[in-house]
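J.: Predicted model and sequence below, questions to follow.
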Amino acid sequence: MKITVVGTGYVGLVTGTCFAEVGVDVTCVDIDQKKIDNLNKGILPIYEPGLEEMVSRNALKKRLHFSTALPESIKDSEVAFIAVGTPPDEDGSADLKYVLAVAAGIGQHIEKPLVVVTKSTVPVTTAEKVRKALQAELDKRGVKIDFYVASNPEFLKEGAAIEDFMKPDRIVVGTDRTEAEEIMRKLYKPFLLNGHPIIFMDIPSAEMTKYAANAMLATKISFMNDVANLCEIMGADVNMVRKGIGSDGRIGHKFIYPGVGYGGSCFPKDVKALIKTAKEQNYNMRILNAVEEVNEAQKEVLFNKVRTHFNNNLKGKTFALWGLSFKPKTDDMREAPSLVIIEKLLKAGANVVAYDPVAMHEAQRIIGDTIAYSTDMYDSLNGADALLIVTEWPEFRSPDFEEVTKRLNSKVIFDGRNIFDTNDMKALGYSYYCIGIKTN
């Protein structure tokens with residue numbers, strides 16, 4: 001079976017590579033010639049554990065190809081996935097210009113029946129817009145070629161995307177034609193052999209499922225951060241509260257860890273887009289508006305603790321910052337809490353020295369040399385007035401505290417991810433601030 005995946009970003013590259021892994025002949029298409037040239041050299045545009053090896057293996061076996069030529073790619077394909085970006089507009093709505101441009105491009109070059117699948121996260125009614133854009137090009141050409149539109153939202157966690165794709169909780173496919181359903185079932189058959197469910201539904205429901213899932217997870221995070229802030233005020237321990245409610249099967253332990261707010265490519269964008277979609281229908285998503293408000297405020301919590309500790313005088317002080325990416329196992333810094341914290345520290349006249357295992361190049365691309373970067377987590381502490389932990393990378397969990405103490409100017413740690421035990425830190429003589437626990 002041959003397929004085309006248009007877009008070689010996070011979703012497109014993972015999707016294409018994982019399909020190639022189970023024997024599908026995949027061509028990943030992108031308009032960025034440099035990106036395609038790099039991929040053909042084995043240089044990936046993103047960091048995702050295990051992906052580089054999988055790309056190299058499947059490219060070597062001639063199952064995975066990279067090209068800028070859409071016409072040649074779709075010529076022999078049964079399925080074309082649209083996996084391009086849908087960045088948020090200023091009003092929070094998803095920008096569909098790239099999705100619709102791909103649809104138009106397919107319409108200009110399609111020669112035989114094809115299933116066109118939106119893999120990008122898109123608002124409800126997008127598939128219909130894709131259908132119209134493609135049909136308009138066929139009409140211009142004066143040809144009649146059957147094509148089928150489907151929605152197949154992705155449910156990939158950055159840092160665990162390969163595992164999520166190869167062993168999915170569920171596969172959601174929205175379609176209104178039995179021909180498309182049969183082809184999609186055939187394509188996903190290798191993933192169904194181990195009992196992973198595939199759920200077919202109408203297209204609008206599939207499009208809504210993705211947004212509803214991300215909005216629900218974002219709601220859990222913001223709810224728990226709100227609870228954490230109240231715990232700290234009342235003298236309760238949010239870690240104990242989390243364990244207490246997480247044991248309830250209706251709630252579960254996932255996504256109830258307090259911190260400095262969610263970020264990344266999905267939750268912020270999708271929550272905003274769902275709010276905007278509802279607003280266009282004259283409906284107010286009150287809970288999601290609150291979720292977004294709580295999350296934005298939560299990104300300032302750690303900075304406020306720093307400011308309070310230093311009596312509102314941060315000018316000239318230096319802070320070591322561990323973690324730049326919005327979460328571990330990725331270099332993604334979209335909507336990362338670290339960006340808010342850094343901005344506020346710099347505005348207050350402070351200096352920042354940051355360390356992250358994989359995201360420093362991305363940070364330099366976004367914020368340049370406004371801060372200093374260290375290639376070693378301990379070197380970043382040299383002469384710093386305090387340490388801020390923003391991303392919970394595993395290597396931060398058990399540091400050499402003798403080394404930390406030796407390098408810091410003062411024994412002060414602001415832990416935005418609650419990775420240390422408060423009693424242990426007290427015994428070590430640290431002023432230790434975390435989320436949802438009154439420690440000082």
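T.: Thanks, I have the structure now.

J.: What is the least confident helix or strand in the chain?
T.: helix 267-280 (a mean of 90; mean pLDDT, DSSP states H and E).

J.: Check which helices and strands it sits against.
T.: helix 203-234, helix 286-298 (3 or more Cβ pairs under 8 Å, 6 or more residues apart in numbering; DSSP states H and E). C-beta here means a position set from N, CA and C on the backbone, and glycine is covered the same way.

J.: deepest of those, which one?
T.: helix 203-234 (a mean of 19; mean count of other Cβ atoms under 10 Å).

J.: Figure out how far that one is from the centre of its chain.
T.: 15 Å (Cα atoms, centre = their mean, to the nearest Å).

J.: What residues sit buried inside whichever helix or strand comes after it?
T.: Beyond helix 203-234 on the C-terminal side, the first helix or strand identified by DSSP states H and E is helix 238-246. For helix 238-246, the buried set under the neighbour-count rule, 16 or more other Cβ atoms under 10 Å, comprises 238-239, 241-242, 246.

J.: And for stretch 41-55?
T.: For stretch 41-55, by 16+ other Cβ under 10 Å, it's 44, 46-49, 51, 54-55.

J.: Just these: which are in helices?
T.: 51, 54-55 (DSSP state H).

J.: what's the domain layout of the chain?
T.: With domains defined by automatic domain parsing, the chain comprises 2-201, 211-297, 299-433.

J.: how about the strands of this structure, start to end?
T.: For the chain, the strands defined by DSSP state E occupy 2-6, 25-29, 64-67, 79-82, 114-118, 147-151, 171-175, 198-201, 318-322, 351-355, 372-373, 386-389, 412-415, 431-433.

J.: so what's the residue lying closest to Tyr262 once chain neighbours are set aside up against?
T.: Leaving aside its chain neighbours, Tyr262 sits nearest to Ile221 (4.9 Å; criterion: Cβ to Cβ, 6 or more residues apart in numbering). Residues in contact with Ile221, defined by Cβ atoms under 8 Å, 6 or more residues apart in numbering, are 255-257, 259, 261-262, 267, 295.

J.: Asn284: how many residues sit nearby?
T.: Asn284 has 10 neighbouring residues, counting by other Cβ atoms under 10 Å.

J.: which phi and psi does it have?
T.: Note on Asn284: backbone dihedrals following degrees, to the nearest 10 are phi -100, psi 110.

J.: what sits against it?
T.: Ala278.

J.: Next one: it from Met377, what distance?
T.: Asn284 sits 45 Å away from Met377, going by Cβ to Cβ, to the nearest Å.

J.: in the least confident helix or strand of the chain, what's buried?
T.: Neighbour-count burial for helix 267-280 [16+ other Cβ under 10 Å]: 267-277.

J.: Tell me the spatial nearest neighbour of Lys279, not counting adjacent residues.
T.: Met285 (7.9 Å).

J.: Could you list which residues are in contact with the one you found?
T.: 274-275, 278-279.

J.: can I get the contacts of Ile221 in a markdown table with distance to Ser73?
T.: Converted to a markdown table, the contacts of Ile221 look like this (distance: Cβ to Cβ, whole Å):
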| residue | distance to Ser73 |
| --- | --- |
| Phe255 | 38 |
| Ile256 | 43 |
| Tyr257 | 42 |
| Gly259 | 42 |
| Gly261 | 40 |
| Tyr262 | 36 |
| Phe267 | 32 |
| Asn295 | 39 |
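
J.: Can you turn the buried part of these into a ChimeraX selection?
T.: In ChimeraX syntax, the buried subset of the contacts of Ile221 is picked out as below (16+ other Cβ under 10 Å):
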select :255,256,257,259,261,262,267,295
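
J.: Poorly predicted segments of this structure, please.
T.: When residues are selected by pLDDT under 70, those of the chain lie in 89-92, 440.

J.: what residue of it is the furthest out?
T.: Gly142 (41.3 Å; Cα atoms, centre = their mean).

J.: ok, so what distance separates Thr209 from Asn229?
T.: Relative to Asn229, and taking Cβ to Cβ, Thr209 is found at 31 Å.
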